[in-house]
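A.B. asks: return a 3D structure for these sequence lines:
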Amino acid sequence: MRHSLRSQRGLTLVELMIALVIGLLITVAAASLYLVARQGFRTNDDQSRNFETGRLAVEVLSRNIRMAGAPAFVPATANAQVVEIPGRLPVTGTDGGAGGPDTITVRYFSDQPYNAGTLAGADCLGQAVGVADVVNTFSIDANGQLMCQGNGGGGGNAAQPLAAQVVDMQATYGVAAAVGQGNAAAFVNAAGVADWTLVRTVDLCFEVVSFEPNIASGPTPGTNCRGQAFPADGRVHRLFRTTVNLRNGSTGNLFPDIP
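C.D. replies: Reported below is the predicted structural model:
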């Protein structure tokens, strides 16, 4: 009878406390693993979003800059120098200074009527331009959005966003030493360009950030477009760079002046 009662004895207070502590440690460990995995997933997701945004910004600006200065097409003459359209500068820009993003304006001639389906003869916002000059101005607004203002639709429409979370855009221009020279002799920002007709290349840098803070401690490693450390704001930062040649300023085709 004594043996039966002893076998049915419950846990002591010490044993119960030990069991509770072990259970608590297991719970804390599981929660920590979950939080680490969740933060890793969010970081990967933010990096993927940043990559898509940066790739869009690079693609849009690169495509426009490659068109810069394109005049109306006429039959080619081998090794002839391109004749610039009087009064039209293929690329111009403004320097945002120490704390502001740059802007860049691209001009080229569209030789196709407007087509809403293919967006031929349209500006950067898909607005009708037709057979005429296309003028697209790219900038970054106060909300960290890549903006474009086109001259289509009469030219009175406000700038519209193309991509979000693009907090900075910096442009460096490769400038030839003299008219007729195709290679860049110096690389300067917009404030250092004395003659925009001598611009031969454009080097672009975009800084893209995640929407919400995610990193638990410390800033994103590396530096931004200005060579400064990323801010310790808990966001995932990423840079995108590209260099685009102004191919319509090279030799190989002869284009007449457009009246």
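A.B. asks: show me the contacts for the closest residue to I104 other than its chain neighbours.
C.D. replies: Once flanking residues are discounted, I104 sits nearest to G93: 4.3 Å by Cβ to Cβ, 6 or more residues apart in numbering. Just so you know, the C-beta spots here come from the backbone N, C-alpha and C atoms, and that holds for glycine as well. Counting by Cβ atoms under 8 Å, 6 or more residues apart in numbering, G93 touches D102, T103, I104, T105, A171, Y173, A190, V193.
A.B. asks: contacts only, for the first one.
C.D. replies: For D102, the contacting residues are G93, T94, D95, G96, M169, Q170, A171, N189, A190, taking Cβ under 8 Å, 6+ apart as the criterion.
A.B. asks: tell me the pLDDT of the first one.
C.D. replies: Among the per-residue scores, G93 shows a pLDDT of 96.
A.B. asks: go on, the fourth one?
C.D. replies: At G96, the model reports a pLDDT of 93.
A.B. asks: just the last one next, same as before
C.D. replies: In the prediction, the pLDDT value recorded for A190 is 95.
A.B. asks: next, give phi and psi for it.
C.D. replies: phi -60, psi -40 (degrees, to the nearest 10).
A.B. asks: number of nearby residues for it?
C.D. replies: When neighbours are counted by other Cβ atoms under 10 Å, A190 registers 20.
A.B. asks: so it sits right up against A171, yeah?
C.D. replies: Yes - A190 is within contact range of A171, at 6.5 Å (criterion: Cβ atoms under 8 Å).
A.B. asks: separation between G180 and D195?
C.D. replies: From G180 over to D195 the distance is 13 Å, taken as Cβ to Cβ, to the nearest Å.
A.B. asks: and what of A132?
C.D. replies: Separation of A132 from D195 (Cβ to Cβ): 26 Å.
A.B. asks: what about T105, is that helix, strand or coil?
C.D. replies: Recorded secondary structure, T105: strand (DSSP: H, G, I helix; E, B strand; the rest coil).
A.B. asks: and the one 3 residues further on, by the same measure?
C.D. replies: Secondary structure assignment for Y108 (three-state DSSP): strand.
A.B. asks: so which residues of the chain form strands?
C.D. replies: Secondary structure of the chain by DSSP state E: the strands cover 91-94, 103-110, 132-140, 145-150, 160-164, 166-175, 186-188, 199-209, 237-245.
A.B. asks: what about dumping the CA coordinates of the second one to PDB?
C.D. replies: By that I understand strand 103-110. C-alpha atoms of strand 103-110 as PDB (Å, rounded to 0.1, in the frame of the first residue of the first chain):
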ATOM      1  CA  THR A 103      18.200  66.200 -62.700                       C
ATOM      2  CA  ILE A 104      18.700  65.300 -66.300                       C
ATOM      3  CA  THR A 105      16.900  66.300 -69.500                       C
ATOM      4  CA  VAL A 106      17.000  64.300 -72.700                       C
ATOM      5  CA  ARG A 107      16.000  65.500 -76.200                       C
ATOM      6  CA  TYR A 108      15.700  63.600 -79.400                       C
ATOM      7  CA  PHE A 109      13.600  63.700 -82.600                       C
ATOM      8  CA  SER A 110      10.800  61.200 -83.000                       C
END
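A.B. asks: buried set for it?
C.D. replies: Within strand 103-110, the residues that count as buried by 16 or more other Cβ atoms under 10 Å are T103, I104, T105, V106, R107, Y108, F109, S110.
A.B. asks: in CSV: these, plus pLDDT.
C.D. replies: Listed next are the buried residues of strand 103-110 as CSV, based on pLDDT from 0 to 100:
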residue, pLDDT
T103, 97
I104, 97
T105, 96
V106, 95
R107, 93
Y108, 92
F109, 88
S110, 88
